[in-house]
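> sharing a model prediction with you, sequence too.
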Amino acid sequence: MNIKEMLKGMDYLSYMGGDNIKITGITNDSRKINKNDIFVAIKGFTDDGHKFIENALESGASAVICENIPENVRGKSNFILVKSARKSMAEAANIIYGRPSEKMNITGVTGTNGKTSTTYLLNGIFDYLGDKSGIIGTMGVLIDGKKIKVDNTTPESFDIQRYLAMMLEKGITHCCMEVSSHALELNRVDKVHIDVGIFTNVTRDHLDFHKTMENYYQAKKKLFHLTKVNNIINVDDPYGLRLYNELMEEGIKAISIGIENNADIKASNLKTTMKGTTFDLNVFGIEKRAHVNTPGTFSVLNSLGALGAAYALGVNLDDIIEALKEIKGVTGRFEILPNKLNCTIILDFAHTPDGLQKVMDTINEFAEGRKIVMFGAGGERDLSRRAPMGEIAGKYCDLSILTSDNPRFEDPYEICMEIAQGVKKYGGEYKIIVERDQAIYYAIDNSQEKDVILLAGKSTEPYQDIGTEKVPYDETMLAKRAIKEVEKKRGV
C-alpha cells in the first residue's frame, strides 16, 4: 500500500515525507518492526514510544506515526503527526488490512466474568450451523481450528485487524471477540465494525487501572455505542439493568436477558446436576425447553447471551437450542477433570469475588461431600478483593488452600496471608502452600470420597506472572499429572 492511499482515510495533523512510500504492516513495538512497516510511537504508562523511533527506523520502518517528532530523528524519515497515536494506529491498521470487519459479522462481549464462555458458546452455535467462525479472547485467537497465543484479552488494534484479515482469508464469516475495559479505554477496538454487543456483568475488578467502579462501568458502556445491529444485556446484574435502561433512554437497541428479573429472553425453572442445567426458555413470548452442558446459573446466563446474539443475527431459535445441547463446554471453565478417586475435581478461571461466589453457588447445588478450594490472588492488582475472596472460601468450603497466582513483584506468601484474613472471618480452615503445583497435589492427595475440589483462578492461562517474567504454566497438565500420581499411589 502507498502511504498516500492510507492517509486519505486518516485524521492527522500533518505529513512530512515522500509520496511513493510503501507500507506493508504496522506495530507499536520497535522490536517487531519488519521492512516497510509503520512504527507508531505510543506514550504508555511506564515508557514513551517516541524514545524508540530511531531503533524502529534502523530496523526498516518506512514511516512513523507520532504525537511529536524528537530532534534526534527529525528529517530522517516520513512522519505522520497526529493528535492521538492510539486512535490513529487503529485508523491506519483498519486501512492497511483492508477494513476486514466490514466483511464479516462481529460480536463483542464485555463484562467482568463470562466473556470467554460466552464467545465459545456463540462459536459453538455457528459451528453447529456449519458457519465458519473465529474467536479473539483470553484463551487466544482461534482461526480455522488453529490457536494463536495472545498477551491481552483484547489485542492491540493492529493485531485485531490482522487477525480479522486472516480469518477472512480462511472463509470465516463470524468473529466472536472478548472486549475488555482496557481495550475500550485504549482505542483497541476503534474502527472495528461490531454488529452485536453482549454485556455479562460488572463486579469489582481492574480498579488499579480504572480507579473507581463508575469509571469501570463507563468504559464497558462504550461498546454498546459502537454496535450496528443490537445489544444483549444481562439485566439480572445491577449494572446491566442500569445499562439497559440507559440504552433505552438513548434510543439504542437492546435485548434484555435474565433469570431473576423480567427480560425479553428469560430462563426459569432451572434444574442443575453435574451434567448440566435444563431450563424453561421464553424468547419474546415463545416458550421452549433448553439445556446447557455446563452446570449453574452463571452458565445459563452465558448461554442466554450467546443465544440472544445469534437470534439478533437472524439464526433460527430451534437451531440455537439444538446447538446448545451439543456444545460440550469450554475448556477450563467449570471443567470437570476425569478421575478414579470417587471425587469431583473442577478447573475454573474464577479469579474475582463474584466469579468465585457463582462457582461455589453451583457446587452447592450438587455437592455431597466436603468442599475444597485452591486459589490465590494477583500481585499489584486490586488489593481490596483478596479478603472478600477469602470470606467466600471460608463461608462455603471445608478447606481453603491458598497459593500463588501471578504475584508479580509482591511476596506470594503475604498475598496468601491477606486472603487468609477473609477465611478466618468465617472460621474456615485453611492451609498456605505457595508453590502452586504442590498446592494442586495436596488438594488431590488429601481428597476423600464425594469431595468436590475446585482449582480456581488460573485455568488455561499459560503463564505465571512473576517479577518481569511470564513463566510458562499449565494448570490442566499439572492437575492431570497429580490425579494420575494419586491414583497410582492408591492403586486405582
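Perfect, thanks for sending it.
> report how many residues lie close to residue 282.
Neighbour count of residue 282, defined by other Cβ atoms under 10 Å: 14. All C-beta spots, glycine's among them, are computed from the backbone N, C-alpha and C.
> looking at it, it is touching residue 266, isn't it?
Yes: contact criterion Cβ atoms under 8 Å: residue 282 and residue 266 qualify, at 4.8 Å.
> next one: stretch 28-48 to chain centre, how far?
Distance, stretch centre to chain centre, for stretch 28-48: 25 Å (Cα atoms, centre = their mean, to the nearest Å).
> residues touching that stretch, excluding its own?
Here stretch 28-48 makes contact (Cβ atoms under 8 Å, 6 or more residues apart in numbering) with 22-27, 49-50, 52-53, 55-57, 59-67, 80, 85-86, 88-89, 92, 96, 156, 158.
> run the last query once more with 7 Å
Under the contact criterion Cβ atoms under 7 Å, 6 or more residues apart in numbering, stretch 28-48 has outside partners 22-27, 49-50, 52-53, 55-56, 59-67, 85-86, 89, 92, 156.
> residues contacting the closest residue to residue 472 other than its chain neighbours?
Distances taken as Cβ to Cβ, 6 or more residues apart in numbering place residue 463 nearest to residue 472, at 5.9 Å, with adjacent residues excluded. For residue 463, the contact set (Cβ under 7 Å, 6+ apart) comprises 470, 471, 472, 473.
> tabulate the residues you listed (CSV), appending pLDDT and distance to residue 225.
Shown next, in CSV, are the contacts of residue 463 (pLDDT from 0 to 100; distance: Cβ to Cβ, whole Å):
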residue, pLDDT, distance to residue 225
470, 92, 34
471, 95, 39
472, 94, 39
473, 96, 37
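> how about the residues you listed in CSV, adding distance to residue 437 and secondary structure?
What follows is these, written out as CSV (distance: Cβ to Cβ, whole Å; DSSP: H, G, I helix; E, B strand; the rest coil):
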residue, distance to residue 437, secondary structure
470, 17, strand
471, 12, strand
472, 12, strand
473, 9, coil
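> PyMOL command for the buried members of those residues?
Of the contacts of residue 463, the buried ones can be selected in PyMOL as follows, counting by 16 or more other Cβ atoms under 10 Å:
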select buried, resi 473
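> follow-up on the earlier one: just the ones of the contacts of stretch 28-48 in strands?
Among the contacts of stretch 28-48, the members found in strands (DSSP state E) are 25, 26, 27, 63, 64, 65, 66.
> now render those as JSON lines, adding distance to residue 375.
Formatted as JSON lines, these follow (distance: Cβ to Cβ, whole Å):
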{"residue": "25", "distance to residue 375": "41"}
{"residue": "26", "distance to residue 375": "39"}
{"residue": "27", "distance to residue 375": "36"}
{"residue": "63", "distance to residue 375": "47"}
{"residue": "64", "distance to residue 375": "45"}
{"residue": "65", "distance to residue 375": "42"}
{"residue": "66", "distance to residue 375": "43"}
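> nearest to residue 121, of the contacts of residue 463?
residue 473 (25.9 Å; Cβ to Cβ).
> which ones are touching that closest one?
By Cβ under 7 Å, 6+ apart, the contact list for residue 473 reads 458, 462, 463, 464.
> if you go by neighbour count, which of those residues are buried?
458, 464.
> can you redo the contacts of residue 473 as JSON lines with distance to residue 368?
Formatted as JSON lines, the contacts of residue 473 follow (distance: Cβ to Cβ, whole Å):
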{"residue": "458", "distance to residue 368": "26"}
{"residue": "462", "distance to residue 368": "34"}
{"residue": "463", "distance to residue 368": "35"}
{"residue": "464", "distance to residue 368": "33"}
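> among the contacts of residue 473, name the ones in strands.
Secondary structure from DSSP E places 463, 464 of these in strands.
> my guess is residue 356 contacts residue 350. True?
Yes: taking contacts as Cβ atoms under 7 Å, residue 356 lies within contact range of residue 350: 4.6 Å.
> what sits in contact with each of the two?
Shared contacts of residue 356 and residue 350, counting by Cβ under 7 Å, 6+ apart, come down to residue 456.
> quick one: what helix or strand has residue 325 in it?
For residue 325, the host element (DSSP states H and E) is helix 317-326.
> the helix or strand just after that helix pairs with which strands?
Next in sequence after helix 317-326, counting helices and strands by DSSP H and E, comes strand 335-337. In its sheet, strand 335-337 lies beside strand 344-348 (antiparallel), with partners assigned from DSSP bridges.
> the partner strand: what's the following helix or strand?
For strand 344-348, the following helix or strand on the C-terminal side (DSSP H and E) is helix 353-364.
> show me what that following helix packs onto, helices and strands only.
Here helix 353-364 touches helix 297-312, helix 386-396, strand 452-456, going by 3 or more Cβ pairs under 7 Å, 6 or more residues apart in numbering; DSSP states H and E.
> model confidence over it, on average?
Per-residue pLDDT values across helix 353-364 average out to 92.
> only the buried residues of it, if you could.
353, 354, 355, 356, 357, 358, 359, 360, 362, 363.
> residues in contact with the fifth one?
With Cβ under 7 Å, 6+ apart as the criterion, the residues that contact residue 357 are residue 392.
> report the inter-axis angle for the host helix or strand of residue 125 versus helix 317-326.
Assigning secondary structure by DSSP H and E places residue 125 in helix 115-129. Helix 115-129 runs at 110 degrees relative to helix 317-326, counting by axes from the mean of the first three to the mean of the last three Cα atoms, to 10 degrees.
> who touches helix 115-129?
The contact list for helix 115-129 (Cβ under 7 Å, 6+ apart) reads 107, 109, 133, 135, 137-139, 174, 176-178, 198, 200, 302-303, 305-306, 309-310, 315, 319-320, 323, 326-327, 330, 333.
> centre of the chain versus whichever helix or strand comes after that helix, how much separation?
Downstream of helix 115-129, the first helix or strand assigned by DSSP H and E is strand 133-137. Its chain's C-alpha centre and that of strand 133-137 lie 11 Å apart, by Cα atoms, centre = their mean.
> remind me what strand 133-137 packs against, helices and strands.
Applying 3+ Cβ pairs under 7 Å, 6+ apart, one finds that strand 133-137 contacts helix 115-129, strand 140-143, helix 157-169, strand 174-178.
> and among the ones you listed, the most buried is which?
strand 174-178 (a mean of 27; mean count of other Cβ atoms under 10 Å).
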